[in-house]
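**Q** Model the following, please.
(chains A and B)
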Amino acid sequence: METRRGARMVIDPKVRQVGFVTPGSELGRPAAPEPPGAAAPVPVVANSPSPVIIPLLLIPDTSSLRTTPLPVPSPPSRRVVAAPPADDSMPLGSYNPSDAILGSSQGSSERTGNNDKHGSAPTDSLADMSLSNASTLAIRLEGLNVTNDGISNVLSTSTVRSAVAAAPTSVEHAFQTSSGQGIIGSVPAVSVDMAAAANPQAGIDPRPMPLKDRTSKAERRAIQEAQRAAKAAAKGVGTDIAAIADGNVANEVKSSKPSSQKKGLSEKKPAVFSDKKPVVSSDKKPVVSSDKKSAEKASEKDKRKDIPAPRMQFDDEQRVAKAKRRSLIEQTEAKNRVELFRHLPQFLHGTQLPSLESKFFHEDPLHPHPSVFQVGLQYLTREIVGGNARCIAMLMAFRDMINDYSTPMEKTLVRDLTAKINSHVSFLITCRPISISMGNAIKFLKTRIASLPVTVSEFEAKHSLILEIDRFIQEKIVFADNEIVKHAVTKIRDGDVLLTHGSSCVVEMILVRAFELGKKFQVVVIDSRPRLEGKGLLRRLLGKGLHCTYTHINAASYAMQGVTRVFLGAASVLSNGTVYSRVGTACVAMVAHALGVPVMICCETYKFHERVQLDSICSNELGDPDALVEVHGRKDVYSLRGWADSKHLHVLNLMYDATPADYVSMIITELGMVPPTSVPVILREYRKVPYVM
Amino acid sequence: MKSEEEISRRRGEVSGAVTYEWLTQAEAARFHKDPDNFKPLRASSLVGQQQQRLSDEREGLFSVIDEFNLWRSKPELAEAVAAIKALTAVIQRSEATTMMGLEIDLKKASEALKAWDETSISLSAGCDLFMRYVTRTSALEYEDIVAGKARLIERGEKFGEISLKASPRTNARQTIALLGKDFVQDGSTILTHGCSRVVLALLKLAASNGKHFHVICTEGRPKNSGVEMANQLLSAKIPVSLIIDSAIAYTMEKVDMVLVGADGVVESGGIINMIGTYQAALVAHSMSKPVYVAAESYKFARMYPLDQRDLPLAPCYVHFPGALPESVIAEVSTRDYTPPKYLTLLFTDLGVLTPSAVSDELIQLYL
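**A** This is a model prediction of the structure:
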């Protein structure tokens, strides 16, 4: 929503400014430019679903990227304005990775979950945060030669009023504003919002109050917006606003935390964004539509649900530290992290195992259910791999957990169970990042829990949940696979040469079924290091009596010649038709495309996801780099031994890649064969009522 | 004649579809200049079997195929609509006492129709569409048989109206002409391939709106449809020139747009049309000329061909002058599949769609 609004504020439409840019920076730029570190190319993780976070910072800089609390440093002035109590929980780095999938779960449980986290947030991190924020800000201010009155302006709400009134008088300052004013200028915007909300007349108060003579563009915009909001408020929900206002002030205090931002838009969110955005790129959307406030609260709530929570960014040290403190498992971070993939978790593989094993018999109320624990360990040791297998294992574990569950005293099942599932999910994530399909399954489960009627008894609720889980597995996975096989088999003709990559269970079922139907065809299995999953597939196919060829991905272009069909599995299909799958899939699909061989992706619809992804960078999973270094059975390959000691070497073992829709001829789902352009249609038609068929 | 028989035998072996019997009938049809007889002739033996089987199963069941042929003989009625009409007739005559029984009757009839001519895409699309409607109407479960029948019959009539010139508002062809006529620009040159009633309606409407344009028709095997199209256009006073279909690439540089009809629109957004359409689309694509398709929505078929061999074979007799050596195998398909990436837009009665929107519509229609 903001990008749309932001567009008209871009100063020079020809220049698309990305990252840290401030308006007019070339105009009033002082002699001493701020160090690039202070500029901190801040990735806006706040609400964009897939920010491409490529660290722009190649020069190692002392002050900066790593230490500044990145995503959105909130100006300290905000706190002054609202005077938050010290104990007000500021979950600065608070991020439960499970929140990523919590996105669409119901508001109430989310809220409770958060409160827990807030409570546990140590206040010293708050101090850190504000300190570093302040210092950054200070640096920036110095560098940009912005006068102090900018800051002093925002120290009281009364001055905000003055800003409102003074706005028209200071048009001539528009071009004198330096880049720093993005920050300062926008701060009043927040306050103006508050003022406007509290007193609808404030915005249009004609009283001349020439207390302040400098207003930035952002300020003026803020004023405009405030006036608009005030008008709207006066018209429609005037009465409501006053009532809401109190809550808003409190809200606002909270909303200076990055964590609350990821929860999506709250009533006050536009204002929150408005003071943060300019820091990042103040050429765009210095203030975002405070008139939105006048929209009904209910619709806002709906929206909040729709906005997906951003994923944990592991280059954000504050959050990582926070997550670490809460996690049950100790894991050691990898040393030579790949620069481009710093936002993804990179741990030394296997380091979680000892601590996990030692905790297995712990008597801890927070301890995961044994079934979940077991599944987590199996994920960790890669005993369970493959999208469907992992999803089924997880659901079965949750089934056990629900079976053994009893609601604690003075708690409601809906909330407590959701919280419990959240904690279990975050446990599973520490074992191995969950896949998109698992995320969808968890979402489904939570929706089901949330939609349980209040009157239902615990036994009935548990029973119905267990039935739902069984039904999900049956309908969405088992039955869907059968349907996919039925569809796909029609595309296999006698004399075909089929090619597949890695080991996909659906593709295996298709090949076996076609063989059982008496079709005469050959199979080419393409495999890739380090997991060599194709070998398992090959063995099973040979056991059935199929004619197979086995080769590695290095020979893909050769092996593709003479192939008539390519069947591939997928971890997920995203709504722009991008296929997110085992690494190597994109390579195979592209080679096939180049040679004019149709590429068919077999994927159940429960793996479809609304997200859009353009590359394999912003969301991925990193495997164990050591797996690439060692070659099994080859003692003579040792040149990379001890690679971790070399600072100049980063070993990248990607798990997934994204295949653009252009290379995909068809996606075979249980609903039929559809072109990749139809993925959003399926998502739209079938997720209206989630998972009801 | 002898050698042709020989060839036909060979073809039959290759494709498994062309029989000697069919070929002689086709030959006869060719001489009688009655192209409409192709399909019934081809499958006459099948019809016999079907009728036999049906009458065995149920005494006194009228032949849905006869009904279908009756409707099909009407000049303005599309095949898909004829199928729907025939199925409506089945409902009318059905003696089933429950809705379930009616549904079974309908299913049998539609299977029979589809089996009668497996190659026709619009026929199977029409059957599927109607069956989909029948099974989807949830109200059927609660209504009694009389009311349910009435509803279905009413629906069938509505479908019929879409194709027949019953009223200009519901007529699909007219809607498409209205939507598509603005794409015809004054002074442009339009290349068309095959003889399509929708394209004809569109061009006529554009001409009657005062647009001046020039149409290039392609004349070629196997159906000589170019001449027919040219005649029809001339009768509407539209300037026409005729080329042989191998001259498409040669002519393309002076063409502004390509406009074709379709036998069927498939799920990928591509079309199945008279052979040569793919070629025309390829040439147009490589010369950056837009390719427009005019097709009614009842031609949308739930198929997804990946390549030409994925199509059900619709063989046709092609006369090669002179005696062919025995070892020569003649290619006999009458239609080809044009992938969506070579199409610019589709004019349908649902609106002007991009190829990718077809799948959208299909998913909503069928699921």
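**Q** drop to CA atoms for contacts and neighbour counts, all remaining ones
**A** Will do.
**Q** ok, the residue in the stretch 151-300 of chain B that chain A sits nearest to - how many residues close by?
**A** Residue nearest to chain A within the stretch 151-300 of chain B: residue B:268 (5.5 Å; C-alpha to the nearest C-alpha). Residues near residue B:268, counting by other C-alpha atoms under 10 Å in any protein chain shown, number 29.
**Q** Could you do the one 10 residues further on as well?
**A** Residue B:278 is flanked by 22 other residues according to other C-alpha under 10 Å.
**Q** Helix or strand for it, just tell me which one.
**A** Using DSSP states H and E, residue B:278 sits in helix B:277-286.
**Q** Verify the contact between residue B:360 and residue A:681 for me.
**A** Yes: contact criterion C-alpha atoms under 8 Å: residue B:360 and residue A:681 qualify, at 6.0 Å.
**Q** Give me the more crowded residue out of these two.
**A** Each of residue B:360 and residue A:681 has its neighbours counted (other C-alpha under 10 Å); residue B:360 has more, 22 against 18.
**Q** give me the element the more buried one is part of.
**A** With DSSP H and E as criterion, residue B:360 is part of helix B:355-366.
**Q** tell me which residues of that helix are tucked away?
**A** Within helix B:355-366, the residues scored as buried using 16 or more other C-alpha atoms under 10 Å in any protein chain shown are B:355-363.
**Q** Pull the residues that contact the helix or strand hosting residue A:600.
**A** Assigned by DSSP H and E, residue A:600 belongs to strand A:599-602. When contacts are defined by C-alpha atoms under 8 Å, 6 or more residues apart in numbering or on different chains, strand A:599-602 is touched by residues A:484, A:506-507, A:565-570, A:589, A:592-593, A:663-669.
**Q** so what does the helix or strand just after that strand touch, helix or strand wise?
**A** Where DSSP H and E defines the elements, the next helix or strand beyond strand A:599-602 is strand A:608-609. Strand A:608-609 sits against helix A:436-450, strand A:572-574, helix A:679-686, with contacts defined as 3 or more C-alpha pairs under 8 Å, 6 or more residues apart in numbering or on different chains; DSSP states H and E.
**Q** winner for burial among the ones you listed?
**A** Each of those was scored by mean neighbour count; the highest is strand A:572-574, a mean of 27, by mean count of other C-alpha atoms under 10 Å in any protein chain shown.
**Q** hmm, who's touching it?
**A** A:436-437, A:579-581, A:603, A:607-613, A:679.
**Q** And those residues, which is closest to residue B:217?
**A** residue A:679 (38.3 Å; C-alpha to C-alpha).
**Q** The strand holding residue A:600 pairs with which strands, parallel or anti?
**A** Neighbouring strands of strand A:599-602 in its sheet, by DSSP bridges, are strand A:565-569 (parallel), strand A:666-669 (parallel).
**Q** circling back to that earlier point, same for chain A: which of the buried residues of helix B:355-366 are within range?
**A** B:356-357, B:359-360, B:363 (C-alpha under 8 Å from any C-alpha of the partner chain).
**Q** Of all pairs in those, which one is the farthest apart?
**A** Top of the distance list for those (C-alpha to C-alpha): B:356 and B:363, 11.5 Å.
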